[in-house]
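Q: output the structure for:
(chains A and B)
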Amino acid sequence: MRLAYDARMRVGAFDYEAAFEAEGEVVVLFGHSGAGKSLTLQAIAGLLRPEAGRISLGDRVLFDSAGGVHLPPQARGVGYVVQELALFPHMTVGENVAFAVQGPRDVRAARVRPLLEGLEIADYEDRLPGTLSGGQRQRVALARALARDVPLLLLDEPFSALDASLRRTMRAELLRLRAEMGLTVVFVTHDLREAHLLADRLAVFDHGRILQFDRREEVFRHPRSRRVAELTGVANILRGVVTGYGPAAGAAVGSAGAPGSAGGLVDVQVGGALLRAPERGWRPGVGSTVDVALRAERINLRRGAPREIADVNLVQAVVEEEHAYGAGFTLRFRALGAGPALEVDLPSRPYEVLGVGDRKAWTLELPPEDLHLMPVEEGAGLPSVAGEDA
Amino acid sequence: MSLRSPRADLVALALLVGLGGVFALFFVLPFAGLVQRAASDGRVLDLAGSREVRAALVLSLWTGAVSTALAVVFGTPVAYWLARTNVRGRSILEALVDLPIVLPPTVAGVALLTAFGARGLVGEPLEALTGFRFTFTTAAVVLAQVLVAAPFYVRAARAGFAGVDAQLERVAYTLGASRVETFVRITLPQARPALLAGVVLCWARAMGELGATLIFAGSLEGRTRTMPLAILDAFERTSLGLSGAVSMSLILLVVALAVLVVFRLATAPEVTAR
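A: Okay, the predicted model is just below:
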């Protein structure tokens, strides 16, 4: 069922304004705490009344400031799970889930039983929530939220109190439920990995605004702004100047012209190095300042003698710092000649095969299709000289 | 001797036992005195069955119960509202509710007179209209008890409601439960131990009410003379003197203890099942 959301309100220090939609998918609301994500869920659930806007679910209008509609939470038919789960401590698991269902005892049991079985908590039906483990309590909260046969599930950081392995299980469980029940899910998280794993579409929140709402890959690979790039964990955000427009796609160096790179290539001077990035429908003027986003895991390390290799999208650099994270390494490079400082993520295996532990000087290959140009925001990120003078 | 020395703990332990012993003795002695006096004075048991004493005891028990019931009926919504509201000046409101707790009961009695007495704010027009006056009525006893005792219930209930996570209520709404259903099925059961504690406190205070009742309701046998007033009365009369006071004190003590124990037993399962 299609959720259409559009709401505005004044909240504390900031103006909140957000609009997005969700239909038969998981939409993740991602951002730091206090960015307005939980507020959004409360507005959908009817626990909070926006000043203006319209919220509809299927053909039902839940809220419409113009029409004076504001359905109470009881009438919205929306499942809502909060981080603390809010299980009723004096009721058994079965009673907790049955609380959401109306009707005689056998009707409620007929509804509750399959839910408990589906979530593998039927054995705990007569237990009090306080006697269950974190993962079991999680399942009870999910079962209870689903018991009203809701088309829309709102989840507010429901897994953040679980340990990592349990979180993985619950995420898988959620995806299974979504597929089985045809649910529309709005999921709030500040965990980047969780957002990436669960999202079909992603809304990036910051200070009460949605900076970007798009398909997951689109947000992660083509952030609309420097701030989105920062929030979504882009380690390399490089300030550069457009120097010209290169050859059309396909004729470029290396693997340029990959699918999705519409139009030609833009030449950008970054710290003395020449980078060639796809236009993607945006043609900043020659001489204008842009930000270039490049995720740390997209950079290739090449051996080979530096001088033999062509110059475009290549930076000669040495490892200055390295951090081991078990599954991989984060390397910080300083350019030997011209070029920006770069951060590179490398899984353990290639790190060992390449012998990065012994050899410090490398040629870094910055694949054109992984470079993404963003407009420079006024007053955001790195201070521009002009901005400081003004 | 330094505080670090092992001997310091021994000294502290001795001090603790000594202080605790004296403190405990201080509480035990008066009751021991009561019992000893009752045992040595032959009239005590006879007095216990007298008409006067029976009347006072019955009056105390049922006015205490009615006052507590009124406190629960009128106080629960206020307590819940105080626990959930963010209204400005909430702390001032809470202080007002607590005021009778810190006020001497005689002040409460005088205040009641100025409101409901024969020349009072409400009392005078009420008498002119209906001919009813509070003085020397059992209703006045109940009013005095409610004013003095209800704050104990409201205070305990407010704390109890505040201890119930509001998130539970919000989630209950999204599960389709009305506000009333949520209150009855979610909030009340969780606040129950606190509410019961408040009931006990309130009832105990109502049973012990003397000052406000004496000033506002007077001391009329069978009508307004509750046990505390009857004890005072017996103490002042030469015919019975201390023996009468001792007898009734003992009765009040036993009855209060019995009620508390029964109440505890009746509500204990719910308290522990939490």
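
Q: and the helices in the chain?
A: Here I'm looking at chain A. Ranges of helices in chain A, per DSSP state H, are A:37-45, A:73-76, A:93-98, A:105-118, A:134-146, A:164-181, A:192-198, A:216-221, A:226-231, A:348-354, A:385-389.

Q: wrong chain, I was asking about chain B
A: Secondary structure of chain B (DSSP H): helices at B:6-40, B:43-48, B:51-84, B:90-102, B:105-116, B:123-130, B:138-162, B:166-174, B:179-182, B:188-207, B:211-216, B:227-236, B:241-272.

Q: that older thread, for chain B, which of the helices of chain A is the nearest?
A: Nearest to chain B, of all the helices of chain A, is helix A:73-76, at 4.0 Å by Cβ to the nearest Cβ. C-beta: built from backbone N, CA, C; applies to glycine.

Q: pull out the buried residues from the closest one.
A: Within helix A:73-76, the residues that qualify as buried are A:73, A:74, A:76, counting by 16 or more other Cβ atoms under 10 Å in any protein chain shown.

Q: tell me the residues on chain A that lie near chain B, please.
A: Contact residues (Cβ under 8 Å from any Cβ of the partner chain) of chain A with chain B: A:45-47, A:72-74, A:76-80, A:82, A:84, A:86, A:88-90, A:99-100, A:102, A:144-145, A:147-148.

Q: could you redo the last one with a cut-off of 6 Å?
A: A:45, A:47, A:73, A:74, A:80, A:86, A:88, A:90, A:99, A:100 (Cβ under 6 Å from any Cβ of the partner chain).

Q: which strand residues bridge residue A:343?
A: residue A:332 (DSSP bridges).

Q: residues from chain B in reach of chain A?
A: Taking Cβ under 6 Å from any Cβ as the measure of proximity, chain B contacts chain A at B:167, B:168, B:170, B:171, B:173, B:174, B:175, B:176, B:186, B:189.

Q: can you get me a residue count around the nearest residue to the last one once chain neighbours are set aside?
A: Across the structure, with Cβ to Cβ, 6 or more residues apart in numbering or on different chains as the measure, the residue nearest residue B:189 apart from its sequence neighbours is residue A:90 (4.8 Å). Number of residues near residue A:90 (other Cβ atoms under 10 Å in any protein chain shown) recorded here: 19.

Q: and if you look at residue A:2?
A: If you count neighbours by other Cβ under 10 Å, residue A:2 ends up with 14.

Q: circling back: redo the helices of chain A as JSON lines? Include mean pLDDT.
A: Shown next, in JSON lines, are the helices of chain A (pLDDT from 0 to 100):
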{"stretch": "helix A:37-45", "mean pLDDT": "95"}
{"stretch": "helix A:73-76", "mean pLDDT": "95"}
{"stretch": "helix A:93-98", "mean pLDDT": "95"}
{"stretch": "helix A:105-118", "mean pLDDT": "89"}
{"stretch": "helix A:134-146", "mean pLDDT": "92"}
{"stretch": "helix A:164-181", "mean pLDDT": "85"}
{"stretch": "helix A:192-198", "mean pLDDT": "90"}
{"stretch": "helix A:216-221", "mean pLDDT": "93"}
{"stretch": "helix A:226-231", "mean pLDDT": "94"}
{"stretch": "helix A:348-354", "mean pLDDT": "91"}
{"stretch": "helix A:385-389", "mean pLDDT": "36"}
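
Q: got TSV for those, with distance to residue B:195 too?
A: Output for those, formatted as TSV (distance: least, Cβ to Cβ, whole Å):
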stretch	distance to residue B:195
helix A:37-45	29
helix A:73-76	26
helix A:93-98	21
helix A:105-118	28
helix A:134-146	26
helix A:164-181	37
helix A:192-198	41
helix A:216-221	50
helix A:226-231	47
helix A:348-354	60
helix A:385-389	61
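
Q: report the buried residues of the helix or strand of chain B with the lowest mean pLDDT.
A: Lowest by mean pLDDT, DSSP states H and E among the helices and strands of chain B is helix B:43-48, with a mean of 74. Neighbour counts over helix B:43-48 (16+ other Cβ under 10 Å) mark B:44, B:47, B:48 as buried.

Q: the first one against residue B:247, yeah?
A: The reference is to residue B:44. Yes. The criterion here is Cβ atoms under 6 Å, and residue B:44 meets it with residue B:247 at 4.3 Å.

Q: leaving aside the residues next to it on the chain, what's closest to residue A:58?
A: residue A:1 (4.4 Å).

Q: that neighbour: how many residues sit nearby?
A: Using other Cβ under 10 Å, residue A:1 has 16 neighbouring residues.

Q: same check, this time on residue B:208
A: 18.

Q: got it, and residue A:26?
A: Using other Cβ under 10 Å, residue A:26 has 23 neighbouring residues.

Q: quick check: bridge partners of the residue nearest to it when sequence neighbours are not counted?
A: Leaving aside its chain neighbours, residue A:26 sits nearest to residue A:185 (4.5 Å; criterion: Cβ to Cβ, 6+ apart). Residues in a beta bridge with residue A:185, per DSSP bridges, are residue A:26, residue A:153.

Q: ok, residue A:185 to residue B:116 distance?
A: Separation of residue A:185 from residue B:116 (Cβ to Cβ, to the nearest Å) stands at 61 Å.

Q: over to residue B:197?
A: 30 Å.

Q: these two: which is more packed in?
A: A direct count of neighbours by other Cβ under 10 Å for residue B:197 and residue B:116 places residue B:116 higher, at 22 against 18.

Q: now the residues of chain B next to chain A: which count as buried?
A: Among the residues of chain B next to chain A, the ones that count as buried by 16+ other Cβ under 10 Å are B:168, B:170, B:171, B:173, B:174, B:175, B:176, B:186, B:189.

Q: weakest of the helices of chain B by average pLDDT?
A: When the helices of chain B are ranked by mean pLDDT, helix B:43-48 comes last with a mean of 74.

Q: for stretch A:103-116, which positions count as buried?
A: A:108, A:111, A:112, A:115, A:116.

Q: residue contacts, the first one?
A: So the one you mean is residue A:108. Listed by Cβ atoms under 6 Å, 6 or more residues apart in numbering or on different chains, the contact partners of residue A:108 are A:98, A:101.

Q: nearest spatial neighbour of residue B:150, skipping sequence neighbours?
A: Using Cβ to Cβ, 6+ apart, the closest residue to residue B:150 is residue B:71 (3.7 Å).

Q: the one you found contacts residue B:202, correct?
A: Yes. Contact criterion Cβ under 6 Å: residue B:71 and residue B:202 qualify, at 5.0 Å.

Q: joint contacts of those two?
A: With Cβ under 6 Å, 6+ apart as the test, residue B:71 and residue B:202 both reach residue B:153.

Q: convert stretch A:185-199 to PDB, retaining C-alpha atoms only.
A: Only the C-alpha atoms of stretch A:185-199 are listed here, as PDB (Å, rounded to 0.1, in the frame of the first residue of the first chain):
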ATOM      1  CA  VAL A 185       8.100  -0.600   5.900                       C
ATOM      2  CA  VAL A 186       9.500   2.800   7.100                       C
ATOM      3  CA  PHE A 187      12.600   2.100   9.100                       C
ATOM      4  CA  VAL A 188      14.500   4.600  11.100                       C
ATOM      5  CA  THR A 189      18.200   4.100  11.800                       C
ATOM      6  CA  HIS A 190      21.400   6.000  12.300                       C
ATOM      7  CA  ASP A 191      23.500   2.900  11.400                       C
ATOM      8  CA  LEU A 192      24.900   3.200   7.900                       C
ATOM      9  CA  ARG A 193      25.400  -0.500   7.400                       C
ATOM     10  CA  GLU A 194      21.800  -1.200   8.500                       C
ATOM     11  CA  ALA A 195      20.500   1.500   6.200                       C
ATOM     12  CA  HIS A 196      22.400   0.000   3.300                       C
ATOM     13  CA  LEU A 197      21.300  -3.500   4.000                       C
ATOM     14  CA  LEU A 198      17.600  -2.800   4.500                       C
ATOM     15  CA  ALA A 199      16.800   0.100   2.200                       C
END
